[in-house]
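Trainee: Whatever this is, show me its structure:
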Amino acid sequence: MTSIEQTGKNVEEATQLALEKLGVTEDQVDVEILDEGTKGFLGIKQSPAVVRVTVKVQPEEHPAPRPRAPRQRKPKAQEAAVKAEKQAAPKAKPAPVKKEAAPEPAKAEPAAPQAEVEKAKITEDIAQTAERARQVLQHILDGIGMGGTAQVKSAADGRIQINITGGDSAVLIGKHGQTIDSLQYLVNVIINRHLEERVRISFDVEGYRERREDTLRQHALFLAKKVKESGQEAVLEPLRANERRIVHTALADDPDIYTYSEGTEPERYVVISPKK
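Mentor: Numbers count the residues shown, from 1 in each chain. Down below sits the predicted model:
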């Protein structure tokens, strides 16, 4: 069989160039993607796509290939989002091949309980989803040039936690975690569009979440003490919903004070008030 390797700006272009060289149509070949290539960020660190095209049948047995209409390019930002979403889409599994039933043995082993089978499948599914989420996040990190390596920390019970190590952690975190929260929201949207049951994906950078939670808790306890001593309310700076919950939870069992939230997003804040 005839086989050639071909490069191009992307997989589609490389494949089309190979088809033209071989003089065949796409249904007459097997296409193996050797390198999907990278667009880089603002054209930096761009690398071509590489494919290997192998002819399955003799070209003369089929009519000459029809020229394909030029593919309309999308804006770079839209193209990057589409590529990240394609990476998140679960790969279709081949239909199972029906086999003739084998003769039943004299003493068959008891089948695994249905609950265990379902549990094993759920575990496998969440692990695959976690890996797709990691790949999407890594693709974004590479594209924006912030560095860092995404690693799955845990994946169970519909929750996935991914840590980012290395890179510019201060830029990745942003002010009070705004950047990492935005990345977390984006990947959650991309991944959950392809799932029947929603999963919750959370990101952390070098243990930032744990440090931030501890800081908020200690600050809330400090302000609560001041409120009990002065009898005056204390107002915290505007916080996101998950951070307001940390403050409410930290002071929920204190019999001398109570907390409530006021304001509208994104300027909503927590008030610590003495019980009279």
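Trainee: remind me which residues of the chain are low pLDDT?
Mentor: 1, 39-46, 57-122 (pLDDT under 70).
Trainee: What are the boundaries of the strands in it?
Mentor: For the chain, the strands defined by DSSP state E occupy 3-8, 29-35, 49-55, 149-156, 159-165, 200-205, 234-235, 257-262, 269-274.
Trainee: okay if I get the ones you listed as TSV plus distance to A18 and mean neighbour count?
Mentor: Backbone N, C-alpha and C define where each C-beta goes, glycine included. Output for the strands of the chain, formatted as TSV (distance: least, Cβ to Cβ, whole Å; neighbours: other Cβ atoms under 10 Å):
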stretch	distance to A18	mean neighbour count
strand 3-8	4	16
strand 29-35	8	15
strand 49-55	4	19
strand 149-156	33	16
strand 159-165	37	20
strand 200-205	38	20
strand 234-235	66	16
strand 257-262	60	15
strand 269-274	60	18
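Trainee: Can I get those strands in a markdown table including distance to R217?
Mentor: Putting the strands of the chain into a markdown table (distance: least, Cβ to Cβ, whole Å) gives the following:
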| stretch | distance to R217 |
| --- | --- |
| strand 3-8 | 54 |
| strand 29-35 | 48 |
| strand 49-55 | 49 |
| strand 149-156 | 22 |
| strand 159-165 | 20 |
| strand 200-205 | 17 |
| strand 234-235 | 15 |
| strand 257-262 | 13 |
| strand 269-274 | 12 |
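Trainee: for the ones you listed, which one sits closest to Y185?
Mentor: Among the strands of the chain, the nearest to Y185 by Cβ to Cβ is strand 200-205 (9.5 Å).
Trainee: for that closest one, the distance to its chain's centre please.
Mentor: 9 Å (Cα atoms, centre = their mean, to the nearest Å).
Trainee: List of residues touching that strand?
Mentor: Strand 200-205 is contacted from outside by 133, 137, 148, 153, 158-164, 169, 172-173, 180, 183-184, 187-188, 191, 209-210, using Cβ atoms under 8 Å, 6 or more residues apart in numbering.
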